[in-house]
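Visitor: Fold the following and give me the result.
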Amino acid sequence: MPTPEPAPTTLPAPTLGALPTAPPPIVQHGPQAIVYVGTYTENTDSEGIYALQMDLLTGQLTPLGLIAKTPNPSFLQLHPSGRFLYAVNELTDYEGQPTGAVSAFRIDPISKRLVLMSIYPTGGGAPCHLTLDRRQRHLLVANYAGGSVASFRIRPDGGLFNATQVAQHEGSSVNPQRQEGPHAHSVWVSPDNRFVMSADLGIDKIVVYRFDGNTGQLTPSYGAPLPPGSGPRHMAFHNNQLFVINELAANITRMKFDSNNGALTPEQTISTLPDGYSGRKSTAEVVVHPNGRFVYGSNRGDDSIAVFTLQRDGLKLVEIEKTGGQEPRNFSIDPTGAFLLAANQKSDTIQVFRIDPATGALEPTEHTANVPAPVCLRIGSMPPSQAVPRAVRMQPARGNQRYINVGITSSAVFAERVGPR
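Guide: Below is the predicted model:
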């Protein structure tokens, strides 16, 4: 039976941060995109979710500021319609219970502010990843501390109902500090929407569920084992292949996916680190390029991204490129496939790289942005009529007003006089 519906909890109203006082030089407009940035708010300067405008022709980033105050929004999922954004609240205590939460936001099409529609407990501590099913009817959340996966039905208005199910993982593995129990680190849906897979770092398995796309119910199928001490973290699909990045072992395992029964068969494991590396091993993200020819994996200890080509006989290393900052926890490729954006958590920076279309290699550009504790990037398209002009800035005011806020409406730039700063 589904859990009774409690009233959604309301968080403080999201706020929009100040527009940048010194934007980059005005350049020729290319197509625009919005980059949504998830962060950690505990023990950092962050207040929640931030946004950047990206020029898809040049890679230039323009800060749009804080768009929602919310605690520890460490992973985000953008709805394909571009109208809604979902965020985990990576907490271990929510309203006095040992659980985190998940928030659903409506995106204001003009200001890009996030309007909170619903927030519910996830049924387990430290939710750290979430994904939509292929029909956008359900949201799946991985609870790291809880070692479980929660399924939420999506309302017609894009908000959430309370969790319909929380599926608990069981077991442990060989690392006593990190694998004393289950730690679901991510959750993904198969391309045919028939299976849900969770990478569990604590038990060295990809836990496979049969998925009912109508009800959101998860039925345990089996656990695909990885070598002891691997610590599977995130995954990425391409056709019938699943790429698993293993945090503790610092490698990527390529697995064959059988869509008939959901079975996963390991076919290759390849290191993400340079030969002879002896520092801290801690991978984070794996992404397949939109063209399916390149695979990328981030190393936090080495502060780098490993670049691979995907050939008929598997992955081949191209290069290992430094990210220009510290602790690259997450990265994302823009919709055109021309740029990769790396979020350097501990240096509060986002670095833009240009992708070589022939080899997949990364070339750092001059474009960067400063966001406190960035740990997740999601890139959405932006209609030209809604793009923030490059000339938007704090303009001098007349009389006793100190400055003018310049913003946008759907069709024109507007200026609002405000008091002394």
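
Visitor: if I read this right, Tyr296 contacts Val286, doesn't it?
Guide: Yes - taking contact to mean CB atoms under 8 Å, the distance of 7.0 Å between Tyr296 and Val286 places them in contact. To be clear about C-beta, it is placed using only N, CA and C from the backbone, and glycine gets the same treatment.

Visitor: Report the beta-bridge partners for the most centrally placed residue in the chain.
Guide: Averaging the C-alpha coordinates of the chain gives a centre point, and the residue nearest to it by CA atoms, centre = their mean is Cys376 (4.0 Å). The residues paired with Cys376 through beta bridges, assigned by DSSP bridges, are Gly38.

Visitor: give the contact list for it.
Guide: Listed by CB atoms under 8 Å, 6 or more residues apart in numbering, the contact set of Cys376 reads Val37, Gly38, Thr39, Pro73, Ser74, Phe75, Leu76, Arg329, Asn330, Ala343.

Visitor: Now the phi/psi pair for Asp45, please.
Guide: In terms of degrees, to the nearest 10, the main-chain angles of Asp45 are phi -90, psi 0.

Visitor: Could you count how many residues lie near the nearest residue to it once chain neighbours are set aside?
Guide: Distance criterion CB to CB, 6 or more residues apart in numbering; nearest residue to Asp45, sequence neighbours excluded, is Pro372 at 4.1 Å. Per other CB atoms under 10 Å, the neighbour tally for Pro372 reads 16.

Visitor: Check Pro372 and give its pLDDT.
Guide: On pLDDT, Pro372 comes in at 98.

Visitor: how close does it sit to Leu91?
Guide: Distance from Pro372 to Leu91, counting by CB to CB, to the nearest Å: 18 Å.

Visitor: Then Ile350?
Guide: The gap separating Ile350 from Leu91 is 24 Å, by CB to CB.

Visitor: Show me where this protein dips below the pLDDT cut-off.
Guide: The model of the chain has pLDDT under 70 over residues 1-29, 382-421.

Visitor: Okay, domains of it per the record?
Guide: By the record's domain assignment, the chain is partitioned as 32-391, 392-421 (automatic domain parsing).

Visitor: Would you mind finding the most buried of the ones you listed?
Guide: Ranked by mean neighbour count under mean count of other CB atoms under 10 Å, the domains of the chain are led by domain 32-391, which reaches a mean of 20.

Visitor: List the contacts of Gln217.
Guide: Under the criterion of CB under 8 Å, 6+ apart, the neighbours of Gln217 are Ser151, Thr164, Gln165, Phe211.
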